[in-house]
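A.B. asks: any chance you could fold what I've pasted below:
(4 chains)
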There are 2 protein chains.
Amino acid sequence: MKTTRNTTAKTAVLEVFEKSKTALSHTEIQKQLNDICDRVTIYRILDRLLNDDIIHKISNQDGTVKYAKCNHSHQKVHIHNHAHFSCENCNEITCLETVKPSYIMPHNYKVNEINFTLSGLCPKCLNSNI
Amino acid sequence: MKTTRNTTAKTAVLEVFEKSKTALSHTEIQKQLNDICDRVTIYRILDRLLNDDIIHKISNQDGTVKYAKCNHSHQKVHIHNHAHFSCENCNEITCLETVKPSYIMPHNYKVNEINFTLSGLCPKCLNSNI
DNA sequence: AAATTAACGCAACAATGTTGCTTTTGTTTT
DNA sequence: AAAACAAAAGCAACATTGTTGCGTTAATTT
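C.D. replies: Residues are numbered from 1 along each chain as shown, chains lettered A, B, ... in the order given. Prediction:
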């Protein structure tokens, strides 16, 4: 069986997620790490964290891919079927863990996962824009 | 004022969309066009069509970007606030124009657009898999 | 302390998207 | 119908993002 190790790079990436309130792209993570490790290493760490359900992947309307670690202190399992908000002004993506859409599906579809991303202005930008 | 022209390449791209029931990636469009024009030209045509609201952009969970032209014969304006379905088996993305999610937002957010993508098995794959 | 192997670094590559500049071509004007 | 105008195309070069192979390093177990 394959065991996962706690390397310095992985710990550093997790710290970056811990500190950030918003979802981060690979490039943003790399910048925050100040090149303490290789680009490829970050990709591989992200792969492992995704696999272990510690983070989840969000792809924005514009095609950019971001990653986030949710705070789900009380839950045992990481639920990523919640909504995300993408701000058109500051480009930050945040998890809206309370927002759960309801919908009616046509027959003959089997839904395994949902991805619900809303975009517009986040509270921060909404206030400073008026 | 900038006027848009009906070039052969643009017409060909529109025909490809017309024929296709599913959303298409840049690469898929290029293949169907049999290299009648440059890669860059396709990108620029897609930009124009997006700008003119003739097609819309869908970015899948996996980070791939696709484009689709909806059939909205009766409407004057192109509405792209509908749901999409992404099949995990055949990777096709289809518009679910009838599916409109309802949800409750926290205060202080201004929602301009929504992107609701469901993934799982489409009717075609659901039937052939059992 | 030695053994094991997960993870890293590096180089190379692939896919996707962008930009600048010249040429072509669709459309309007004369 | 020809000339004028400018949108769009072609081409080359580049930027970004993500992937793969392989030898080396280092976390964990024995």
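
A.B. asks: around chain B, pick out the residues from chain A.
C.D. replies: Within chain A, the positions lying close to chain B (C-beta under 8 Å from any C-beta of the partner chain) are A:57, A:59-63, A:65, A:83, A:85, A:88, A:96, A:98-123, A:126-127. Just so you know, the C-beta spots here come from the backbone N, C-alpha and C atoms, and that holds for glycine as well.

A.B. asks: which ones among those map onto helices?
C.D. replies: A:123, A:126-127 (DSSP state H).

A.B. asks: quick check, pLDDT for the most far-flung residue of chain A relative to its centre.
C.D. replies: With distances taken from the mean C-alpha point of chain A and given as C-alpha atoms, centre = their mean, the most distant residue is residue A:107, at 30.7 Å. For residue A:107, the model assigns a pLDDT of 92.

A.B. asks: next, the contact list for it, please.
C.D. replies: For residue A:107, the contacting residues are residue B:123, taking C-beta atoms under 8 Å, 6 or more residues apart in numbering or on different chains as the criterion.

A.B. asks: ok, longest strand in chain A?
C.D. replies: Here the longest strand in chain A is taken by residue count, with DSSP state E as the criterion, and it is strand A:110-121.

A.B. asks: would you mind writing the CA trace of that one as CSV?
C.D. replies: This file holds the C-alpha atoms of strand A:110-121, laid out as CSV (Å, rounded to 0.1, in the frame of the first residue of the first chain):
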residue,chain,number,x,y,z
LYS,A,110,-27.4,10.1,-13.5
VAL,A,111,-26.0,13.0,-11.6
ASN,A,112,-22.9,12.3,-9.6
GLU,A,113,-21.5,15.8,-9.0
ILE,A,114,-22.7,19.3,-9.3
ASN,A,115,-20.7,22.5,-9.9
PHE,A,116,-22.6,25.7,-9.2
THR,A,117,-20.6,28.9,-9.7
LEU,A,118,-22.1,32.3,-9.4
SER,A,119,-20.3,35.4,-10.6
GLY,A,120,-20.8,39.1,-10.0
LEU,A,121,-19.6,41.3,-7.3
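
A.B. asks: and the strands in chain A?
C.D. replies: A:56-59, A:65-68, A:83-87, A:93-96, A:110-121.

A.B. asks: stretch A:4-21 vs DNA strand D: in contact?
C.D. replies: Yes. Between stretch A:4-21 and DNA strand D, judged by C-beta under 7 Å from any atom of the strand, the touching residues are A:5-8.

A.B. asks: got JSON lines for these, with pLDDT too?
C.D. replies: Listed next are those as JSON lines, based on pLDDT from 0 to 100:
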{"residue": "A:5", "pLDDT": "95"}
{"residue": "A:6", "pLDDT": "95"}
{"residue": "A:7", "pLDDT": "97"}
{"residue": "A:8", "pLDDT": "97"}
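
A.B. asks: alright, I will stop here.
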